[in-house]
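Q: My questions are about this predicted structure, shown below with the sequence.
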Amino acid sequence: MRKALLFVLSLAVALALTSLAREPQFSDSQTYVLFLMFFAIGLWVTEAIPPFSVGLFILAFLAFSLGNPWFNSEPQDIAKYVNTFSSSVIWLMLGGFFLAAALSRTGLDADLLKFTLRVSGATPRRILIGLMSTTMVASMLMSNTATTAMVIAAVMPLLTRLGKQSPFVVAVLVGVPLAAAVGGMGTIIGTPPNILAAGVLEDAGLGVDFLHWMYFGVPLALFLTGVGCLALIKTFLKDNQPLPVESFETGRKDIALDGLRAKRRIVMVVLAVTLLLWMTSSLHHLGVAMVAAIPIVCLTMTSVLDASDIRALPWDTLLLVAGGLSLGLALQDTGLLSHYAQKVIAMKLGKLVVLGVFAFVTMLVSNIMSNTATSTILIPLGMATLPEHRMEIALIIGLSASTAMFLPVSTPPNAIAYSTGLVEQKHFRVGGILIGLLGPAAVIAWVLFLA
């Protein structure tokens with residue numbers, strides 16, 4: 001009942017805002033897309049329906065409203081709006097999902113964590129540094145949600161023994177989600193906003209290859225993870241007495257031993273080849289989406305991943321991104337973006353002011369709404385507002401979307417940590433305020449420095 005009411009409320013607000021924002025010269029297509037934008041935002045904010053359902057609704061609504069002569073005086077060819085599910089962005093994400101699933105299926109992710117714990121030692125500060133570093137690196141290749149779940153599950157026996165009152169417990173449960181969120185900034189496949197930004201830039205003829213993105217993302221991930229870790233140490237880990245690290249449980253008990261060693265070799269070879277080709281795409285001119293076919297084909301043909309693994313992939317995220325791409329394309333093709341961009345341009349704000357506004361608005365909105373949905377709306381608008389700096393503003397918005405972590409619901413990693421019951425909402429403010437203020441500023445400074 002509650003969700004039905006939220007759905008009706010979102011619809012009513014969208015209709016009201018469309019009525020207020022619509023201008024007399026707007027075409028039917030512009031009016032429909034304007035309403036769709038407001039309605040989609042409302043559904044994403046209220047979560048009246050699942051986020052991926054909003055993506056599907058966007059695809060269906062665009063096909064029905066823009067291509068139907070009964071409802072549109074100038075019907076359009078709607079093929080481009082429904083073909084986004086087969087775009088290169090989706091295939092790139094899918095390749096990343098296959099790699100992440102293979103790492104988990106063969107236990108290589110857990111081995112990485114075990115190695116980290118052996119190297120870090122037993123003192124709280126070194127353990128926190130090790131866990132956050134591992135989380136950051138893993139999140140560049142795996143879903144930050146999956147990475148957070150893996151790391152927290154591994155250390156839960158120790159956290160449970162120490163209890164809610166332990167400052168170390170709080171530091172870990174705030175630090176791991178923080179490192180997962182900013183770690184995703186490092187690569188194109190690290191988080192959906194990165195992929196959206198790369199996809200929009202590719203459509204605009206300004207492609208960013210895998211290695212080029214790492215020039216922007218990896219230093220930022222290292223810097224923000226380091227600053228966050230230092231802040232947590234100063235705040236929570238004043239006592240650095242050794243901990244009973246024998247409580248860590250990092251083994252994978254669900255992995256069959258038969259053929260495991262061979263499968264691990266296959267995964268390591270496929271991972272190495274895929275990453276190498278991604279990072280050298282400027283030399284061989286194979287697109288990152290084309291290279292993504294390597295893990296998709298090899299990991300299934302060699303039986304590293306079976307049908308159950310494929311069914312378990314986060315297909316809902318692909319649907320959400322496909323819908324977001326369609327909405328962004330519709331906003332651009334109907335002229336709505338250029339219309340409102342001209343209004344912003346008429347305000348004659350400086351470039352730095354515009355970049356700052358978009359970066360911090362992205363961070364603020366991403367705290368209460370999906371960062372993928374936020375990027376879907378703001379990246380095309382930002383590019384239309386600063387047409388001479390499309391590369392910079394797309395990168396800034398995409399990267400700033402990963403700096404939202406003020407609330408337990410701001411990111412799935414935060415939600416996972418909060419669900420343990422060992423950390424309170426107020427504890428997320430330490431990282432949330434620090435990264436929320438420093439992150440967008442650092443993103444702007446670094447992108448402009450490299451641009």
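A: Now that the structure is in, tell me what you want to look at. Note that the coordinates shown come from a computational prediction; the quantities given were computed from them, not determined experimentally.

Q: Leaving out the residues flanking it, which one is nearest to the residue nearest to the spatial centre of the chain?
A: In the chain, the C-alpha nearest the mean C-alpha coordinate belongs to Thr191, at 3.0 Å (Cα atoms, centre = their mean). Spatial nearest neighbour of Thr191, chain neighbours left out: Gly184 (3.6 Å); criterion: Cβ to Cβ, 6 or more residues apart in numbering. Placement of C-beta: from N, CA and C, glycine included.

Q: So the one you found is in contact with Ser139, correct?
A: Yes - here Gly184 reaches Ser139: they are 4.8 Å apart, a contact under Cβ atoms under 8 Å.

Q: does the residue nearest to Thr191 sit in a helix, a strand or a coil?
A: Three-state assignment for Gly184 (DSSP: H, G, I helix; E, B strand; the rest coil): helix.

Q: How about the contacts made by it?
A: By Cβ atoms under 8 Å, 6 or more residues apart in numbering, the contact list for Gly184 reads 139-140, 144, 190-191, 194, 221, 402.

Q: Of these, which is the nearest to Ile393?
A: For those, the residue nearest Ile393 by Cβ to Cβ is Asn194; the value is 14.5 Å.

Q: That closest one and Ile397 touch, don't they?
A: No - proximity of Asn194 to Ile397 does not meet the contact threshold set by Cβ under 8 Å, at 10.6 Å.

Q: Looking at those two, which one has more neighbours?
A: Neighbour totals were compared for Asn194 and Ile397, and Ile397 leads with 30 against 27 (other Cβ atoms under 10 Å).

Q: can you tell me the helix or strand for the more buried one?
A: helix 390-400 (DSSP states H and E).

Q: what's the answer for Thr274, then?
A: For Thr274, the element it lies in under DSSP H and E is helix 260-279.

Q: Show residues contacting the helix or strand just after that helix.
A: Next in sequence after helix 260-279, counting helices and strands by DSSP H and E, comes helix 281-284. For helix 281-284, the surrounding residues in contact (Cβ under 8 Å, 6+ apart) are 209-212, 277, 287-288, 291.

Q: By neighbour count, which of the residues you listed wins?
A: Of these, with other Cβ under 10 Å as the count, Val288 tops at 28 neighbours.

Q: Surely Pro177 and Ile416 touch.
A: Yes - under the criterion of Cβ under 8 Å, Pro177 makes contact with Ile416 at 7.0 Å.

Q: Mutual contacts of these two, please.
A: Joint contacts of Pro177 and Ile416 (Cβ under 8 Å, 6+ apart) are Thr148.

Q: Of these two, which one has the most company?
A: Shown here are Pro177 and Ile416; by other Cβ under 10 Å, Pro177 has more neighbours (32 against 23).

Q: Next up, the contacts around that one.
A: Contacts of Pro177 (Cβ under 8 Å, 6+ apart): 148, 405, 411, 413-414, 416-417, 431.

Q: Restricting to C-alpha, output the helix or strand containing Leu128 in PDB.
A: Leu128 belongs to helix 124-139 when elements are defined using DSSP H and E. This file holds the C-alpha atoms of helix 124-139, laid out as PDB (Å, rounded to 0.1, in the frame of the first residue of the first chain):
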ATOM      1  CA  PRO A 124      44.200  -2.300  14.200                       C
ATOM      2  CA  ARG A 125      45.800   0.500  12.100                       C
ATOM      3  CA  ARG A 126      47.600  -1.900   9.800                       C
ATOM      4  CA  ILE A 127      44.600  -4.200   9.500                       C
ATOM      5  CA  LEU A 128      42.400  -1.200   8.500                       C
ATOM      6  CA  ILE A 129      44.900   0.000   6.000                       C
ATOM      7  CA  GLY A 130      45.200  -3.500   4.500                       C
ATOM      8  CA  LEU A 131      41.400  -4.000   4.300                       C
ATOM      9  CA  MET A 132      40.800  -0.600   2.800                       C
ATOM     10  CA  SER A 133      43.600  -1.000   0.300                       C
ATOM     11  CA  THR A 134      42.300  -4.500  -0.800                       C
ATOM     12  CA  THR A 135      38.800  -3.200  -1.000                       C
ATOM     13  CA  MET A 136      39.800  -0.300  -3.100                       C
ATOM     14  CA  VAL A 137      41.800  -2.400  -5.600                       C
ATOM     15  CA  ALA A 138      39.100  -5.100  -5.800                       C
ATOM     16  CA  SER A 139      36.400  -2.500  -6.400                       C
END
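
Q: after the helix or strand of the chain with the lowest mean pLDDT comes which helix or strand?
A: Least confident element among the helices and strands of the chain, by mean pLDDT, DSSP states H and E: helix 281-284 (a mean of 71). Next along the chain after helix 281-284, taking DSSP H and E as the criterion, comes helix 288-291.
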